[in-house]
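Fold the following for me, if possible:
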Amino acid sequence: MPKAKQKGRKLKDCPRFISDEAEEHFEEHLKNKKLFLEKGFHMQDSPSLGLPSYVSEIIVQRGWHKFVQNPDPPLVAVVKEFYANWLDPKEEVVMVRGTEVDCSVGAINQIYGLVDITDEYFKFTETVTEEQINEALQLTTKEGTQWIVSTTEK
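Numbering: from 1, shown residues only. Prediction:
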């Protein structure tokens, strides 16, 4: 998450939560939770980036150099406040310590220099039938494997 700089005030002077509901969400679900930090690649200056070719080829093809870098450690308190204030996952802007943070696909793509890629899997999930799922599971798993397939969601 990019660092927010604001003139004339310090982050500690801004309210941490946008509502009582956000503060309650923080206290109940986030305050004592440990973060699972994102990992990246330690890449080298070489055509293969110091990675297996099947990985480096995808990174180069898609221009993911910046996206897959090992990230700097986060400000844990601010990350938790972001998630506490993001009460509706459909919202693309979250207020964090007085700053609007755009977390839309477009904003994230812009930060990392990513381009939109057609997600062919999503189209599949919209049209796949339960019969097709069961057939695929039978063909790709060991005989006798037990699967629980949701009938309420795709």
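
what secondary structure does Leu87 sit in?
coil (DSSP: H, G, I helix; E, B strand; the rest coil).

Oh, that last question was meant for Glu100, not what I typed.
Taken by three-state DSSP, the conformation at Glu100 corresponds to strand.

Excluding covalently adjacent residues, which one is nearest to it?
Once flanking residues are discounted, Glu100 sits nearest to Val93: 5.1 Å by CB to CB, 6 or more residues apart in numbering. (Each C-beta comes from the backbone N, C-alpha and C, glycine too.)

What does the one you found show for phi and psi?
The phi and psi values for Val93, taken as degrees, to the nearest 10, are phi -130, psi 130.

Now do the same contact list for it.
100-104 (CB atoms under 8 Å, 6 or more residues apart in numbering).

what's the lowest-mean-pLDDT helix or strand in the chain packed up against?
Ranked by mean pLDDT, DSSP states H and E, the weakest helix or strand in the chain is helix 120-127, scoring a mean of 76. Counting contacts by 3 or more CB pairs under 8 Å, 6 or more residues apart in numbering; DSSP states H and E, helix 120-127 packs against no other helix or strand.

Quick one: work out the angle between the helix or strand just after that helix and helix 120-127.
Next in sequence after helix 120-127, counting helices and strands by DSSP states H and E, comes helix 130-140. Relative orientation of helix 130-140 and helix 120-127, computed by axes from the mean of the first three to the mean of the last three CA atoms, to 10 degrees: 130 degrees.

Find out how far helix 130-140 is from the centre of the chain, if you would.
Mean C-alpha position of helix 130-140 versus that of the full chain (CA atoms, centre = their mean, to the nearest Å) differs by 29 Å.

List the buried residues of it.
By neighbour count with 16 or more other CB atoms under 10 Å, helix 130-140 contains no buried residues.

Need the mean per-residue confidence for that helix.
Across helix 130-140, pLDDT averages out at 81.

same for that helix, what does it pack against?
With contacts defined as 3+ CB pairs under 8 Å, 6+ apart, helix 130-140 has no helix or strand neighbours.

quick one, phi psi at Ile111?
Torsion angles, degrees, to the nearest 10, at Ile111: phi -60, psi -40.
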